[in-house]
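Student: Compute the structure for the input listed below.
(chains A, B and C)
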Amino acid sequence: MALTAQDKSVVVPGEELASGMEYLPTSGTYRDGDKIIAARLGLLQVDGRLIKIIPVSGKYLPKRGDTIIAKVIDITLNGWRCDINSAYSALLSMRDGSSDYIAKGADLTRYYTFGDYLIAQITNVTSQNVIDLTLKGPGLRKLGEGRIMNINPHKVPRVIGKAGSMVGMLKDELGCRISVGQNGVIWLQGAPDKELLAVKAIQKIVSESHIPGLTERISKFLSRK
Amino acid sequence: MSNLREHILKSLEQGIRFDGRKLDEIRVITVEKGISKNAEGSARVVVGDTEVMAGVKTAVEKPYPDTPDQGNLMVNAELLPLSNPDYESGPPSEEAIEVARIIDRGIREAKAIDLPKLCITPKEAVWSIMIDVLTINAHGSVIDAAALASVIALAHAKLPKYEDGAVKYDELASAVPLARKNLPITVTVYKIGSHLFVDPLPEEEEAADARLTAAVIEDGSIVALQKGGEKGISAAEVDAMLELAQKKAKELRKLL
Amino acid sequence: MAYEERFDGRKFDETRPISAEVGIIKEADGSAVFRIGDTVAYAAVYGPRNLHPRFLQDPSKGILRCRYNMMPFSGAGDRVRPGGNRRSKEISMVTEKALLPILNLDEFPNSVVDVFIELPQTDAGTRCAGICAASMALADAGLTMRDLVASVSVGRVDDKILADLNYKEESYDGEVADIPIALTPRTGSLTLLQMDGKISRPELKKALEIGKKVCEQIYEVQKAALKAKFSVGDAHE
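Tutor: Below you'll find the predicted structure:
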């Protein structure tokens, strides 16, 4: 009737987390007899009686409503196929690609072409992982000249911060334009030295996200440079 | 032009590379020798996040008909699917073959190996020197890293004992006869706009207009060249690129 | 002639020195290196990702694809020709089978998880080292797994039952049985079992007992390596 692993510690597949029926296995765990076992690598989180594992690695799992950064990788008869840094590519249809009317047979590369990055929203994910995107909505657009960096999608909330506070601080301090996609793709543009500093700050956020006092450390890091 | 190229070019105008380096600056390099006890010579080279391994194996074989009294040299490069999501399993890609051929030409034209000394019995038996180089993590500048690892593995390789028509791999005898001064150092110079730089990141390789690879021996002579990339280069640019290649080759030679 | 003392002085149920590291290939979604004695195995995981050609896809779940490869300069004696052979094909296949029972790829229909195993230096036990590295790399890639898989070879040299045969023991001039096994440490379920040689049932039973004990030790090394990547090292990067 006890936890056998420490709350907030890193646990690995097959590791025993708790014994007894008092605790309930949720995300990333399973029950085997009276024991609860880890079913993936991650941070153990005990919330009352609920036991779950917060992933620290792994591909982005697309969710309806997420705003992501997509890369155009192919042009089909009726839209654009995009890489979204997950196991599956996504489709942006002609209808959802632009508020302009696009006639059938139009040259789609005039809108978006191979290699372009787009801030898009996921409108649908089917059970077979067919993923639909839209570019109709506030802030959704084609991204211009800039730098792309990839981070682990599970760290995105830390880079954004509470109500956008972390990324807001980076933008203000460094005068850079930064867009963070839920899929772990980040677009940056700024003066070369400042932009590099933003990259380093984001790397620091990602690697130190589990150590308390992150905002202060990042703020200090920016003022030191 | 692509967004990436435009962005990198803007930064280069201020003398700043994509990762903040100077144009002629190479990432930190570490070298480890003897990474496989079963190879007659081997090395690991890490350049920034790029890691490659090279090994030398030897065998006694028949010489090629056109060189009956010389040893054989063979260089093989593999861009392992283990090392990059874009590399695929299967027979060597054009890219991998180009890497192998660049390294092969450098070593051959530098006369780094004394091939006549590898003859045991003319027309019958000669040593074959087989260099294999493989990528472990491919993150830019694979050509130069692979060439460096190959030459370091070769420089430390020893021939096994050969007795009664059999190679005794567990008894290494003498060093591969090398002309050490002629060990080639391979440097690839990249060009974006009017800017020349070395040791590119993947983004810089993607954005580059052209590249020129040069194999340089100790006295600074150039023994092999390979131009790559989608755009042309002028004779003046070739000269500037080679000047940079010679300068960097001198630095890299200290790692041998 | 009886095998009284091991060539390298180990106890009969003792492995060679073992070490492991996770996250060593940055381009990969998951990676690890596993060393046992002079055998070194690198593993990288890519995926789940798009699977081509389409006819290979399974609409009910993702598939696992393993490729085992000895580097050309990794083996004793002659160069190993690149491009694979019958042996490496079979090992790739049994490696897949050894790892599949722990993996759950239901969430990823039509996709593939690729596992690449490369050995720069070998001294027997290569498929087992590859499986150990691959299992860590899969966990590092954040996949859903019931357990890790630990793997080692056990066997018989003359009348002695022993763990982790090296090349010299495998090629011993006497009676030798070489039995590579893999198992899930929590339940002891065997996911790889092969044998070259000759053995009696009681001897096999004893060999498997030793194997289970050794796999539990290996699991501890795997666990520590995975935790090290995500707990300590991180903050200093």
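Student: can you pull out the strands in chain C?
Tutor: For chain C, strands defined by DSSP state E occupy the ranges C:18-22, C:30-36, C:39-50, C:63-70, C:111-121, C:150-157, C:160-163, C:176-184, C:189-193.
Student: Is it possible to get CSV of those strands that adds mean neighbour count and mean pLDDT?
Tutor: Quick note: C-beta positions are derived from backbone N, CA and C, even for glycine. CSV is the format used below for the strands of chain C (neighbours: other C-beta atoms under 10 Å in any protein chain shown; pLDDT from 0 to 100):
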stretch, mean neighbour count, mean pLDDT
strand C:18-22, 20, 98
strand C:30-36, 27, 98
strand C:39-50, 26, 97
strand C:63-70, 23, 98
strand C:111-121, 25, 98
strand C:150-157, 27, 97
strand C:160-163, 21, 96
strand C:176-184, 23, 97
strand C:189-193, 17, 98
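Student: want to try CSV for the ones you listed, with distance to residue A:81 as columns?
Tutor: As requested, the strands of chain C are exported to CSV (distance: least, C-beta to C-beta, whole Å):
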stretch, distance to residue A:81
strand C:18-22, 33
strand C:30-36, 26
strand C:39-50, 11
strand C:63-70, 22
strand C:111-121, 16
strand C:150-157, 40
strand C:160-163, 51
strand C:176-184, 39
strand C:189-193, 38
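Student: Next, count neighbours for residue 171.
Tutor: Answering for chain A, as no chain was given. By other C-beta atoms under 10 Å in any protein chain shown, 16 other residues sit near residue A:171.
Student: ah, I was thinking of chain C
Tutor: Using other C-beta under 10 Å, residue C:171 is surrounded by 12 other residues.
Student: of all the strands of chain C, which lies closest to chain A?
Tutor: strand C:39-50 (3.8 Å; C-beta to the nearest C-beta).
Student: does any bit of that closest one sit next to chain B?
Tutor: Yes: judged by C-beta under 8 Å from any C-beta of the partner chain, strand C:39-50 and chain B are in contact via C:42-44, C:46, C:49.
Student: residues from chain C in reach of chain B?
Tutor: C:24-28, C:38, C:42-44, C:46, C:49, C:67, C:69, C:71-79, C:82-83, C:114, C:116-118, C:120-123.
Student: which among these are in contact with chain A?
Tutor: Within the residues of chain C next to chain B, those near chain A by C-beta under 8 Å from any C-beta are residue C:49.
Student: residues in contact with residue B:184?
Tutor: B:106-107, B:109-110, B:112, B:147, B:151, B:215-217, B:223-224 (C-beta atoms under 8 Å, 6 or more residues apart in numbering or on different chains).
Student: In strands, which of the residues you listed fall?
Tutor: Among those, the ones falling in strands (DSSP E) are B:215-216, B:223-224.
Student: just the residues you listed now: which is nearest chain A?
Tutor: Nearest member of those to chain A, counting by C-beta to the nearest C-beta, is residue B:216, at 31.0 Å.
Student: Distance check, residue A:143 against residue B:7.
Tutor: 11 Å (C-beta to C-beta, to the nearest Å).
Student: ok, the two, which is more surrounded?
Tutor: residue B:7 (22 against 18).
Student: Please verify my assumption that that one contacts residue A:147.
Tutor: Yes: using C-beta atoms under 8 Å, residue B:7 is in contact with residue A:147, at 6.1 Å.
Student: list the residues that contact both of the two?
Tutor: residue A:189.
Student: Around chain B, pick out the residues from chain A.
Tutor: So chain A meets chain B at A:115-117, A:143-148, A:189, A:192-193, A:195-196 (C-beta under 8 Å from any C-beta).
Student: Now the buried members of the residues you listed.
Tutor: With burial judged by 16 or more other C-beta atoms under 10 Å in any protein chain shown, the buried subset of the residues of chain A next to chain B is A:116-117, A:143, A:146-148, A:189, A:192, A:195-196.
Student: I am finished for the moment; much appreciated.
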